[in-house]
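*Asks:* sequence plus the predicted model coming up.
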Amino acid sequence: MSPESVRPAFLGIDLGTSQVKALLLAPDGRTLGRGRAQYAVAVPAGGQAETDPEDWWHAAGQAVRDALITARGAAVTVEVKGMAVAGQMHGVVLCDAVGAPLRPAILWLDRRAAAEAARYGEVPAGLTKPLGNQPSPGMAGPILRWLATHEPAAVGRARWALQPKDWLRLRLTGEAATDPTDASGTLLFDLAHGTWAADLIRELGLPADKLPGIGEPASPAGRLLPAAAAHLGLEPGVPVAMGAADTAAALFAAAPPADAALLTLGTGGQWIAPGAAWPTATTNLFRAIGGGLYQLAAVQNMGETFNWVRTMLGVSWEHAYSLAGRPWRADTPVFLPYLAEERWEPSARGAWAGLTLAHDRDDLLRSALEGLAFLLAGRLADLRAAGHDPKRAVIGGGSSRHPAWRQLLADVLGLPLYPASTSWLSATGAAMVAGAATGTLPGGDGGHRSEEEKEAITPVEPGAARAGYGRFLTLSRMKGL
């Protein structure tokens with residue numbers, strides 16, 4: 001192969017929930033290769049969610065190798081100049097000094113630490129205010145306290161208690177660390193000072209020595225170890241940047257305009273708005289890449305919930321999403337999409353209401369899509385209550401691609417939607433961080449903003465959508481939500 005076919009690239013790995021993605025980004029911002037691999041999320045008991053971190057490791061290897069194969073299929077040999085990992089926030093991985101897991105990772109979907117989250121309310125307000133977030137059972141602080149109470153032997157044996165992406169980077173480099181974008185979601189981080197909240201950690205009786213050092217996302221974290229390089233199909237010694245939380249990486253890649261919010265849809269859904277006031281009871285406040293803050297209004301029930309509905313009713317993804325293009329009807333059943341516990345509505349449970357013998361399978365599927373859109377509308381209201389008033393939204397993520405679904409969302413949200421230039425925002429953001437760590441920002445500032453902004457998806461039936469949302473809110477109030 002001629003020297004001209006060898007291209008420098010930056011590798012971004014996105015450790016998501018149920019899959020790992022890998023993306024090779026050229027310095028000019030073009031994607032050279034992509035790969036993905038699925039892994040299982042276990043539910044050992046109701047309200048619990050775990051994964052064996054070794055499944056992440058195997059999925060990462062497959063995803064990176066597939067990205068390299070994709071590039072070669074396009075007659076390109078890539079020379080990886082740097083890499084970074086973005087990953088799902090919250091959760092805890094207990095491991096030894098070299099990254100060997102001591103138990104399955106507890107994930108952000110897990111709700112076993114509800115009592116430990118409530119314990120934050122008994123702590124002096126001066127210790128919790130710097131966290132910038134309301135306690136939630138799926139965050140690392142409550143989970144680590146649950147582990148210390150219920151599995152003290154495992155905590156005692158552990159050298160590190162890490163976030164998911166930090167565990168993967170430890171396996172890549174042999175070095176343990178984290179960054180502020182991930183640390184700010186742990187309920188153990190002083191948001192104002194950018195350090196671990198030492199007094200709070202002491203008050204909760206947690207082992208501060210098991211939390212790693214903190215470095216900025218684009219700072220060097222180490223170099224790719226030989227064994228890790230062989231696993232990924234790369235050369236050893238590749239520089240590895242600190243990386244970032246998945247939502248922070250997505251925001252970095254999307255670079256939404258000042259009057260816009262970012263809406264990402266995957267297993268869950270997130271409204272993300274750069275800049276922030278202090279948090280409200282129904283939003284989060286996290287550190288952004290490059291400093292600053294962003295406000296987040298999240299839903300737990302999105303792609304995974306719709307997949308459950310689709311699987312139970314036995315239809316393909318294409319058929320399920322195509323029903324978003326059906327006209328609005330006043331007799332469509334109302335779906336409450338609370339199949340997983342929502343962060344700020346933990347007692348809510350899922351239901352269909354308004355069913356008659358005249359309804360069929362497609363009515364149930366359509367109502368499920370409407371219910372998910374209505375849930376996002378509620379979180380948009382939360383974002384506005386926190387002081388943000390987006391006039392439009394950039395939309396991305398694996399569950400955002402179907403045109404009819406996008407149109408339904410525009411109707412419900414009452415905003416023009418601009419598709420991001422890629423649905424792989426977090427992986428793209430990770431690759432951009434890797435480039436920044438070497439002095440190159442692929443594509444330049446905002447280089448991954450949508451090229452489709454001239455083709456905004458604008459509301460077509462907002463009145464019918466508002467009527468449907470009214471029925472949803474009425475049922476929600478009847479259920480005490």
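*Replies:* Nice, thanks for sending it over.
*Asks:* I'd like to know how far the closest residue in space to T128 that isn't next to it in sequence sits from P142.
*Replies:* Nearest residue to T128, sequence neighbours excluded (Cβ to Cβ, 6 or more residues apart in numbering): Y120, at 5.7 Å. Using the backbone N, CA and C atoms, a C-beta is placed for each residue, glycine as well. From Y120 across to P142, the span is 7 Å (Cβ to Cβ, to the nearest Å).
*Asks:* ok, and the closest non-adjacent residue to A261?
*Replies:* P390 (3.9 Å).
*Asks:* host element of the one you found?
*Replies:* Using DSSP states H and E, P390 sits within no helix or strand.
*Asks:* residues in contact with it?
*Replies:* Counting by Cβ atoms under 8 Å, 6 or more residues apart in numbering, P390 touches 259-261, 273, 380, 383, 415.
*Asks:* related to what we said a few turns ago, next, give phi and psi for the residue nearest to T128.
*Replies:* Dihedral angles phi and psi of Y120 (degrees, to the nearest 10) take the values phi -60, psi -30.
*Asks:* neighbours around it, how many?
*Replies:* By the criterion of other Cβ atoms under 10 Å, Y120 has 22 neighbours.
*Asks:* hmm, L188 and it touching each other?
*Replies:* No: contact criterion Cβ atoms under 8 Å: Y120 and L188 do not qualify, at 10.6 Å.
*Asks:* intersection of neighbour lists for the two?
*Replies:* Counting by Cβ under 8 Å, 6+ apart, the residues touching both Y120 and L188 are G141.
*Asks:* surely T280 meets A385?
*Replies:* Yes: between T280 and A385 there is a contact under Cβ under 8 Å: 6.0 Å.
*Asks:* out of the two, which sits in the busier spot?
*Replies:* Between T280 and A385, counting by other Cβ under 10 Å, T280 is the more crowded of the two (17 against 13).
*Asks:* for that one, give its distance to H388.
*Replies:* Distance from T280 to H388, counting by Cβ to Cβ: 11 Å.
*Asks:* and the residue nearest to A261, backbone torsions?
*Replies:* When read as degrees, to the nearest 10, the backbone of P390 gives phi -60, psi 140.
*Asks:* for E151, see how far away it is.
*Replies:* Between P390 and E151 the computed distance is 43 Å (Cβ to Cβ).
*Asks:* then T332?
*Replies:* Counting by Cβ to Cβ - T332 and E151 are separated by 46 Å.
*Asks:* cool, T267 as well?
*Replies:* Taking Cβ to Cβ, one finds T267 at 26 Å from E151.
*Asks:* so which of the two has more stuff around it?
*Replies:* T267 (23 against 15).
*Asks:* neighbours around R157, how many?
*Replies:* When neighbours are counted by other Cβ under 10 Å, R157 registers 13.
*Asks:* surely it is in contact with L102?
*Replies:* Yes: using Cβ under 8 Å, R157 makes contact with L102 at a distance of 5.7 Å.
*Asks:* intersection of neighbour lists for these two?
*Replies:* What both R157 and L102 touch, as defined by Cβ under 8 Å, 6+ apart, is the set 94, 96.
*Asks:* for the stretch 51-200 of the chain, what spans make up the helices?
*Replies:* Along the stretch 51-200 of the chain, the stretches classed as helices by DSSP state H, counting those that start in this stretch are 53-73, 114-119, 125-128, 140-150, 152-157, 164-173, 180-183, 198-203.
*Asks:* reformat those as a markdown table; add distance to F306 and mean pLDDT.
*Replies:* What follows is these, written out as a markdown table (distance: least, Cβ to Cβ, whole Å; pLDDT from 0 to 100):
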| stretch | distance to F306 | mean pLDDT |
| --- | --- | --- |
| helix 53-73 | 22 | 96 |
| helix 114-119 | 25 | 94 |
| helix 125-128 | 35 | 93 |
| helix 140-150 | 26 | 97 |
| helix 152-157 | 35 | 97 |
| helix 164-173 | 23 | 98 |
| helix 180-183 | 27 | 97 |
| helix 198-203 | 37 | 96 |
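*Asks:* domain parsing for this structure?
*Replies:* By the assignment in automatic domain parsing, the chain contains the domains 3-242, 255-481.
*Asks:* could you find the closest non-adjacent residue to E370?
*Replies:* Excluding its sequence neighbours, the residue lying closest to E370 (Cβ to Cβ, 6+ apart) is G468, at 5.7 Å.
*Asks:* that neighbour: which element?
*Replies:* Assessed by DSSP H and E, G468 sits inside helix 462-478.
*Asks:* buried residues, that helix. List them.
*Replies:* 462, 465, 468-469, 471-472, 475-476 (16 or more other Cβ atoms under 10 Å).
*Asks:* so for A436, which of the helices of the stretch 51-200 of the chain sits nearest?
*Replies:* For A436, the closest of those is helix 180-183, at 13.5 Å, according to Cβ to Cβ.
*Asks:* sort out which residues of the closest one are buried, please.
*Replies:* Buried, per 16+ other Cβ under 10 Å, within helix 180-183: 180-183.
*Asks:* from those residues, pick the one nearest P164.
*Replies:* Of all the buried residues of helix 180-183, P164 sits closest to D182, with 8.8 Å by Cβ to Cβ.
*Asks:* and the closest one, how far from W405?
*Replies:* Distance of D182 to W405, given as Cβ to Cβ: 30 Å.
*Asks:* got the contact list for the spatially closest residue to T422 that is not a sequence neighbour?
*Replies:* Nearest in space to T422, with sequence neighbours left out and distances taken as Cβ to Cβ, 6+ apart, is T428 at 5.5 Å. T428 makes contacts with 12, 23, 25, 31, 249, 253, 422, 448, as judged by Cβ under 8 Å, 6+ apart.
*Asks:* restricted to helices, list the residues you listed.
*Replies:* 249, 253 (DSSP state H).
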